[in-house]
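Student: give me coordinates for this.
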Amino acid sequence: MTSQLNVDTIVDKAGSGGTNVKIGNTSVTVSEGGSSTTRTVQGLTKQWTSYNQETPEVYNSFNLSSMADNATGKTQHSFTSVMTGQRLYCVAGIALDEGESQASMDGCDDDFTSSSVYQVNTMENGSNSARDCDHGYTQVVGDLA
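Tutor: The predicted structure follows:
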């Protein structure tokens, strides 16, 4: 027999604020309309980085242990908590350069991608010339190991 807990708010023992809640990897979230569900943990962003390729500098991040400048337009991101394997996660991103023409991010480079790192490449729009940008944003979805 299953149990159900009905509450309006969960707070810490002292009643003064929020508390940590641990959910299982099979937990589901009900859609706004109530007609469908999705697995909560599976749908979360597992890593993201806001960075400057020119400096290089990390502005802000989640689940990033380090970032390396491998060459012009090539930035490698290392996970703090690794993914299940190479090609078992998806990286999405965008690159911008203030005051100059915009650049494109072409995604991951398989030669530098594994369960613990991924590399993104940026290039000048309209050409195949690699370039560094002062605003890069990446996010990763998939399964953590």
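Student: secondary structure element for residue 35?
Tutor: According to DSSP states H and E, residue 35 maps onto no helix or strand at all.
Student: which pLDDT value goes with it?
Tutor: pLDDT for residue 35: 90.
Student: can you pull out the strands in this protein?
Tutor: 28-30, 37-39, 45-52, 57-62, 64-71, 74-79, 89-96, 103-108, 117-124, 135-142 (DSSP state E).
Student: list the buried residues in the fifth one.
Tutor: Using 16 or more other C-beta atoms under 10 Å as the burial criterion, the residues of strand 64-71 that qualify are 64, 67, 69. Any C-beta I mention is one placed from the backbone N, CA and C, and that applies to glycine too.
Student: just the pLDDT for the first one.
Tutor: Looking at residue 64, its pLDDT stands at 98.
Student: which residues does the nearest residue to it once chain neighbours are set aside contact?
Tutor: Distances taken as C-beta to C-beta, 6 or more residues apart in numbering put residue 49 closest to residue 64, at 5.3 Å, once the chain neighbours are dropped. Contacts for residue 49 (C-beta atoms under 8 Å, 6 or more residues apart in numbering) come out as 58, 60-62, 64, 67, 77, 136-138.
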